[in-house]
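K.L.:
here are the coordinates; sequence isn't available:
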């Protein structure tokens with residue numbers, strides 16, 4: 001994974017018109033509850049790997065002292081605008097190494113950009129290395145292989161002087177490999193100018209439950225749990 005999707009590169013300034021912090025309030029509330037109940041004492045410091053535009057952190061920072069990391073400098077800049085009180089560090093979750101450790105580590109849907117088992121294993125090793133002994137890791141992928149479904153979606157928001165609408169199509173062109181695609185079409189309007197149309201393809205990884213558990217165990221986590229979230233997705237909770 002070297003080339004970033006355009007949403008995280010030259011179109012990053014539009015990100016918060018595709019999805020706003022308010023859109024993440026329920027997921028962040030769920031993650032907060034899981035993290036607080038799973039660790040003793042209550043977690044104080046939280047590392048988010050693949051924090052993107054900071055929509056989850058906008059809510060999580062009310063409960064934790066947060067360090068946010070992402071591969072995209074443009075996305076970190078978008079996050080700084082809504083989370084100026086958080087520490088931001090640019091880095092690849094597969095190889096990132098920070099000084100010190102954290103009470104908890106959180107990875108949301110950015111884990112989906114791990115396209116191979118090697119990538120997945122490397123990201124989980126990073127999570128373990130940055131988690132204190134007795135701490136917890138919560139990972140919230142969009143899918144495991146057993147729950148994957150093709151589908152479509154749409155949305156978008158208006159901002160100051162411009163607006164974005166999108167259509168997305170999730171599809172697996174080869175169910176025998178470990179990837180699927182999400183094709184986005186963005187309609188971008190600035191002022192009264194004609195709408196600009198942009199296509200952007202995201203290639204994501206998808207793995208069976210057993211593969212997740214295998215790599216969590218290999219990374220050094222004990223007794224990983226699979227929890228169903230309120231939206232029917234399977235998330236992973238593990239302790240170091």
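P.N.:
Noted; the coordinates are in hand. All of these numbers come straight from a predicted model, not from anything done at the bench.

K.L.:
Just the pLDDT at residue 223, thanks.
P.N.:
Looking at residue 223, its pLDDT reads 85.

K.L.:
correct me, but it touches residue 239?
P.N.:
Yes: checked against C-beta atoms under 8 Å, the pair residue 223 and residue 239 is within contact range at 7.1 Å. Every C-beta, even on glycine, is put in place using the N, C-alpha and C of the backbone.

K.L.:
Neighbour count: these two, which is higher?
P.N.:
Using other C-beta atoms under 10 Å, the more surrounded residue of residue 223 and residue 239 is residue 239, with 16 against 10.

K.L.:
can you tell me how far the more buried one sits from residue 172?
P.N.:
Residue 239 sits 32 Å away from residue 172, going by C-beta to C-beta, to the nearest Å.

K.L.:
same deal with residue 73?
P.N.:
Counting by C-beta to C-beta, the gap from residue 73 to residue 172 is 31 Å.

K.L.:
between the two, which one's more packed in?
P.N.:
For residue 73 versus residue 172, neighbours defined as other C-beta under 10 Å are more numerous around residue 172 (17 against 14).

K.L.:
which residues sit in contact with that one?
P.N.:
Each residue near residue 172 by C-beta atoms under 8 Å, 6 or more residues apart in numbering is listed here: 148, 150, 179-181, 206.

K.L.:
Can you pull the phi and psi angles for it?
P.N.:
Note on residue 172: backbone dihedrals following degrees, to the nearest 10 are phi -110, psi 100.

K.L.:
gap between it and residue 135?
P.N.:
Using C-beta to C-beta, one gets 34 Å for the distance from residue 172 to residue 135.

K.L.:
domain assignment for the chain?
P.N.:
For the chain, automatic domain parsing gives the domain ranges 6-144+207-239, 145-205.

K.L.:
among those, which is the most enclosed?
P.N.:
Ranked by mean neighbour count, these are led by domain 6-144+207-239 with a mean of 19 (mean count of other C-beta atoms under 10 Å).

K.L.:
Measure how far that domain is from the centre of its chain, please.
P.N.:
Remark: domain 6-144+207-239 is offset 6 Å from the chain centroid, using C-alpha atoms, centre = their mean, to the nearest Å.

K.L.:
now the end-to-end length of that domain.
P.N.:
Terminal residues of domain 6-144+207-239 are spaced 35 Å apart (C-alpha to C-alpha, to the nearest Å).

K.L.:
Likewise for stretch 103-120?
P.N.:
21 Å.

K.L.:
Please enumerate the strands of this protein.
P.N.:
Secondary structure of the chain, counting by DSSP state E: strands at 45-49, 65-70, 87-90, 102-107, 131-139, 151-158, 162-171, 179-190, 196-205, 222-228, 234-239.
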